[in-house]
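Participant: would you be able to build a 3D model of this:
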Amino acid sequence: MENKIRVRFAPSPTGHMHIGNARTALFNYLFARNCGGTLILRIEDTDRERSTPEAVQVIVESLKWLGIDWDEGYFGRDEHGSPMEKGALGPYTQMRRMTLYDKYLARLIAEEKAYHCFCTEEELDLKRKAATEKGLVPKYDRKCSALSKEEIEEKKKTGRFAVRFKVEPGLVEFEDLVRGKVVFNTDQIGDFVIARSDGVPVYNYAVVIDDAEMNISHVIRGEDHLSNTPRQVLLYRALGLNQPLFAHLPMILGADRSKLSKRHGETSLLAYRDKGFLPAAMFNYMSLLGWYPRDGVEIKPKEGLTAGFSLSDVGHSGAIFDEKKLIWMNHEYIQKLSAKELADFCLPYIKTVDVAGKSPEWVVGMFETIKTGINFCAEVPELSKLFFKPDELTAEGLAILAAEGAGKVLLALKAELSKTQLTKENCKELIGAAGKAAEAKGKDLFMPVRLALTGAMHGPELAHFLPVLGNEECVRRIEEALKKNSK
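Facilitator: Coordinates of the predicted model:
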């Protein structure tokens with residue numbers, strides 16, 4: 001028996017994939033996978049001025065990076081630029097579905113459930129202003145609803161008109177799977193536009209036709225669409241189409257509980273990819289934006305999140321996007337990686353020239369040393385820079401190295417390195433032996449070593465850092481420091 005759970009993610013390709021859109025896609029994915037249902041990707045490209053092929057590609061790229069796969073719909077373009085689609089209910093881009101919209105539009109007009117409107121924007125603005133001044137809800141006064149067929153045909157010759165849906169007095173009620181019972185009074189709506197003179201349908205109309213034709217069982221979307229829902233319910237009823245169940249997700253807010261914006265951090269999903277966040281960590285964190293697992297365990301693999309997801313556990317209040325918590329979670333995921341896995345993931349963030357000639361073992365050793373300090377990969381260049389070049393010495397550092405005792409320590413350490421291979425296990429022992437030979441200990445021993453080999457007074461643990469540098473590089477840096485010492 002065919003599974004009847006069918007959900008869709010239907011973005012408009014007008015820019016980057018916003019965190020809010022990505023969360024909507026993710027919750028549709030979690031619901032579909034939890035229920036064994038079908039997830040569809042549909043592209044709503046009727047905004048012809050702003051929709052671009054590049055933005056469509058960003059949508060596909062964003063979903064794939066986050067770890068969301070879908071079963072039906074739009075899958076990108078082939079080498080010839082033609083849409084690649086899978087499923088029997090396409091096309092899955094709206095501008096290729098115009099014939100379908102025209103068919104239903106003609107039916108609504110024929111049944112006198114919709115009518116042509118020829119009012120100009122200037123006229124409509126005046127009507128809205130007059131209603132507002134009287135304290136009334138601005139809505140269309142049905143001026144064009146009584147035009148004869150002859151008048152309509154004559155006015156259509158101007159080429160500028162819209163089609164409005166006729167809204168009858170009454171209440172629109174529906175059960176929202178997140179918010180419970182929702183009621184709207186149609187007095188607050190008025191006759192709304194469903195198509196324009198160029199034949200391109202308005203969102204509220206096209207989405208109804210698409211969802212009905214694609215047998216969508218559940219519409220899961222942000223609560224900013226809640227005010228659209230009564231209009232869509234009216235269209236379902238007027239056309240006798242099966243109405244899906246609705247679930248409106250809470251808005252995503254910044255830490256100050258205002259609408260998420262750039263001041264709260266990045267708002268584009270791929271910006272986090274470019275900074276070097278792990279997709280698994282992003283998937284995990286975004287799953288918690290409005291939903292919380294019943295067992296209280298926040299860090300879970302994709303399978304665990306999918307298994308525990310339920311719309312009944314989605315909250316009503318705004319979901320806080322806390323970038324600090326995201327960074328914490330990403331750090332936790334990074335710590336679970338092996339040094340080899342981390343190196344493979346982070347290498348693109350290091351200049352090729354820096355690692356040229358370095359062995360795979362050297363690279364892995366470097367990442368093993370800096371691993372605990374990495375929150376996301378864009379930090380790697382700063383954290384790893386000492387492996388490629390020591391910092392410039394400050395005046396204080398130069399003064400310390402200029403002391404006679406510092407030179408003795410460095411010469412003694414150079415001698416130890418000439419006869420013994422550095423390892424994590426013997427590093428402290430070798431430095432101790434150098435200190436004994438130079439009659440230095442504590443700060444007088446370790447500070448010259450640290451300054452000579454890192455250029456800084458603070459930094460990574462020497463027992464982890466020096467073995468990765470290796471004897472040859474350590475000796476070279478000591479010789480450079482001794483030159484400074486002699487000046």
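
Participant: and stretch 404-418, which residues are buried?
Facilitator: For stretch 404-418, the neighbour count (16 or more other Cβ atoms under 10 Å) marks 406-410, 412-414, 416-417 as buried. In short, each C-beta sits where N, CA and C put it, glycine included.

Participant: cool, and stretch 45-60?
Facilitator: For stretch 45-60, by 16+ other Cβ under 10 Å, it's 45-46, 51, 55-56, 58-60.

Participant: could you do stretch 224-241 as well?
Facilitator: Quick answer for stretch 224-241 (16+ other Cβ under 10 Å): 225-226, 229-236, 238.

Participant: stretch 433-444 now?
Facilitator: Within stretch 433-444, the residues scored as buried using 16+ other Cβ under 10 Å are 433-435, 438, 440, 444.

Participant: pretty sure residue 224 sits against residue 249.
Facilitator: No - using Cβ atoms under 8 Å, residue 224 makes no contact with residue 249, being 9.5 Å away.

Participant: how far does the lowest-mean-pLDDT helix or strand in the chain sit from the chain's center?
Facilitator: Least confident helix or strand of the chain, by mean pLDDT, DSSP states H and E, is helix 352-355 with a mean of 85. How far helix 352-355 lies from its chain's middle: 30 Å, per Cα atoms, centre = their mean, to the nearest Å.

Participant: just the residues contacting it, thanks.
Facilitator: With Cβ atoms under 8 Å, 6 or more residues apart in numbering as the test, helix 352-355 has contacts from 347, 363, 384, 388.

Participant: can you show me the CA trace of it as CSV?
Facilitator: This file holds the C-alpha atoms of helix 352-355, laid out as CSV (Å, rounded to 0.1, in the frame of the first residue of the first chain):
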residue,chain,number,x,y,z
THR,A,352,48.8,24.9,0.1
VAL,A,353,52.2,26.5,0.2
ASP,A,354,52.4,26.0,4.0
VAL,A,355,51.9,22.2,3.9
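
Participant: need the next SSE after that helix, C-terminal direction.
Facilitator: helix 360-370 (DSSP states H and E).

Participant: picking up where we left off before, tabulate the buried residues of stretch 224-241 (CSV), appending distance to residue 218.
Facilitator: Shown next, in CSV, are the buried residues of stretch 224-241 (distance: Cβ to Cβ, whole Å):
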residue, distance to residue 218
225, 14
226, 15
229, 13
230, 18
231, 19
232, 14
233, 15
234, 19
235, 18
236, 14
238, 22
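
Participant: what about those residues, which are in helices?
Facilitator: Using DSSP state H, the subset of the buried residues of stretch 224-241 located in helices is 229-236, 238.

Participant: mind listing what the residue nearest to residue 441 when sequence neighbours are not counted touches?
Facilitator: Excluding its sequence neighbours, the residue lying closest to residue 441 (Cβ to Cβ, 6 or more residues apart in numbering) is residue 435, at 5.2 Å. Counting by Cβ under 8 Å, 6+ apart, residue 435 touches 409, 412, 441, 445.

Participant: contacting residues around the first one?
Facilitator: Which is residue 409. Residue 409 neighbours (Cβ under 8 Å, 6+ apart): 434-435, 438, 440, 444-445, 448-449.

Participant: helix or strand for it, which one?
Facilitator: Following DSSP H and E, one finds residue 409 within helix 404-417.

Participant: still on that earlier bit, between the buried residues of stretch 433-444, which sits nearest residue 67?
Facilitator: Residue 67 lies nearest to residue 434 out of the buried residues of stretch 433-444, by Cβ to Cβ, at 50.5 Å.

Participant: if you go through the stretch 201-350 of the chain in chain order, where are the helices?
Facilitator: Shown for the stretch 201-350 of the chain, the helices assigned by DSSP state H, counting those that start in this stretch span residues 203-213, 229-239, 269-275, 279-287, 302-308, 323-335, 339-346.

Participant: now the angle from the first one to helix 229-239?
Facilitator: With axes from the mean of the first three to the mean of the last three Cα atoms, to 10 degrees defining the directions, helix 203-213 sits at 50 degrees from helix 229-239.

Participant: so, low pLDDT: which residues of the stretch 201-350 of the chain?
Facilitator: 262-265 (pLDDT under 70).

Participant: ok, back up a step: and the pLDDT at the residue nearest to residue 441?
Facilitator: For residue 435, the pLDDT comes out at 95.

Participant: got it, and residue 131?
Facilitator: 89.

Participant: and residue 36, how many neighbours?
Facilitator: Counted with other Cβ atoms under 10 Å, residues neighbouring residue 36 total 8.

Participant: what does residue 94 give?
Facilitator: 25.

Participant: any idea how far it lies from residue 114?
Facilitator: 19 Å (Cβ to Cβ, to the nearest Å).

Participant: how about the nearest residue to residue 394 once chain neighbours are set aside, what does it touch?
Facilitator: Distances taken as Cβ to Cβ, 6+ apart place residue 457 nearest to residue 394, at 7.8 Å, with adjacent residues excluded. For residue 457, the contact set (Cβ under 8 Å, 6+ apart) comprises 394, 396-397, 447, 450-451.

Participant: closest to residue 424 among those residues?
Facilitator: residue 450 (16.8 Å).

Participant: now name the helix or strand holding the closest one.
Facilitator: helix 443-454.

Participant: okay, buried residues for that helix please.
Facilitator: Buried, per 16+ other Cβ under 10 Å, within helix 443-454: 444-454.

Participant: so what's the gap between the helix or strand that comes right after that helix and the chain middle?
Facilitator: Moving toward the C-terminus from helix 443-454, the next helix or strand (DSSP H and E) is helix 462-486. In terms of Cα atoms, centre = their mean, the gap separating the centre of helix 462-486 from the centre of its chain is 43 Å.
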